[in-house]
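**Q** Make a model of this:
(one chain, ligands or ions: 2)
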Amino acid sequence: MRPLQFSLSSIPEKGLTVDVCLSEADLRPEGVAGLDVQYIKVAGLLEEIGGKYLFRGTVTGAYRRACDRCLVVMERTFATSVLWAFEEGVPESPWGKYDRDADHEPQTETSDSSIGYFTGDELDMSPLAWEEVVLAMPAKCLCRDDCAGLCPNCGANLNEEHCGCSDRENAEDSRNNQFAQLLKIFPDIHPGMSSKEE
Ligand SMILES: [Zn+2]
Ligand SMILES: [Zn+2]
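**A** Ligands and ions are numbered 1, 2, ... in the order given. Reported below is the predicted structural model:
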């Protein structure tokens with residue numbers, strides 16, 4: 001049994017309290033790229049309502065992610081409230097819903113993104129939990145809003161040091177500008193001419 005697989009006959013009438021801490025590998029579908037997630041916790045109440053099952057709770061966890069600008073790796077936490085309904089039936093594949101969603105814009109599928117399935121006596125929350133973790137990963141990630149990033153020239157982390165490249169560049173730019181000005185006045189001069197004459 002996967003950590004988030006439950007036997008329906010073991011669910012008491014007042015519902016089953018779920019409090020499971022698991023690793024990313026416990027949830028990740030086969031063949032799917034891994035996420036740098038330290039832990040995932042699923043907590044809440046699973047109960048039967050009219051032949052269907054409803055889970056109300058939270059998915060929390062922590063992940064590591066490199067800043068998009070300076071590449072410094074930081075650890076962040078996430079916490080999402082979830083409401084999952086489970087219907088009897090078989091998805092197209094064990095991870096059918098997840099596979100289908102991958103082909104679409106996530107927004108178009110949000111209406112049934114919280115529907116799971118159970119068959120026989122077995123209910124597996126893993127696909128929905130995994131989806132929640134994937135959605136919790138930000139598309140963009142900055143260590144701070146005003147992260148200065150890396151120097152494109154020397155790679156220095158500009159949050160931590162002033163490498164001076166931009167100063168040198170500016171100085172060079174202004175020299176080039178001065179030369180451009182000179183060219184307008186003396187179209188025949190070439191770079192290096194003055195050094196030859198010296
Ligand atoms: Zn940064
Ligand atoms: Zn630099």
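**Q** alpha carbons only for contacts and neighbour counts from here, please
**A** Fine.
**Q** Any part of whichever helix or strand residue 169 is part of near ligand 2?
**A** According to DSSP states H and E, residue 169 maps onto helix 165-185. Yes - using Cα under 5 Å from the ion, helix 165-185 reaches ligand 2 at residue 165.
**Q** Render the CA-only coordinates of that helix in PDB, please.
**A** The C-alpha trace of helix 165-185 is given here as PDB (Å, rounded to 0.1, in the frame of the first residue of the first chain):
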ATOM      1  CA  CYS A 165      32.200  45.200 -14.300                       C
ATOM      2  CA  SER A 166      29.400  47.600 -14.900                       C
ATOM      3  CA  ASP A 167      31.700  50.500 -13.900                       C
ATOM      4  CA  ARG A 168      34.400  49.400 -16.400                       C
ATOM      5  CA  GLU A 169      31.700  48.900 -19.000                       C
ATOM      6  CA  ASN A 170      30.300  52.300 -18.500                       C
ATOM      7  CA  ALA A 171      33.800  53.800 -18.700                       C
ATOM      8  CA  GLU A 172      34.400  51.800 -22.000                       C
ATOM      9  CA  ASP A 173      31.000  53.000 -23.300                       C
ATOM     10  CA  SER A 174      31.900  56.600 -22.600                       C
ATOM     11  CA  ARG A 175      35.300  56.200 -24.400                       C
ATOM     12  CA  ASN A 176      33.500  54.600 -27.400                       C
ATOM     13  CA  ASN A 177      31.000  57.500 -27.300                       C
ATOM     14  CA  GLN A 178      33.900  60.000 -27.300                       C
ATOM     15  CA  PHE A 179      35.400  58.200 -30.300                       C
ATOM     16  CA  ALA A 180      32.100  58.300 -32.100                       C
ATOM     17  CA  GLN A 181      31.900  62.000 -31.500                       C
ATOM     18  CA  LEU A 182      35.400  62.400 -32.900                       C
ATOM     19  CA  LEU A 183      34.600  60.300 -36.000                       C
ATOM     20  CA  LYS A 184      31.800  62.800 -36.900                       C
ATOM     21  CA  ILE A 185      34.300  65.600 -36.900                       C
END
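**Q** Distance-wise, check the residue nearest the centre of the chain relative to residue 53.
**A** With distances taken as Cα atoms, centre = their mean, the residue of the chain nearest its centroid is residue 137 (2.4 Å). Remark: distance between residue 137 and residue 53 (Cα to Cα, to the nearest Å) = 27 Å.
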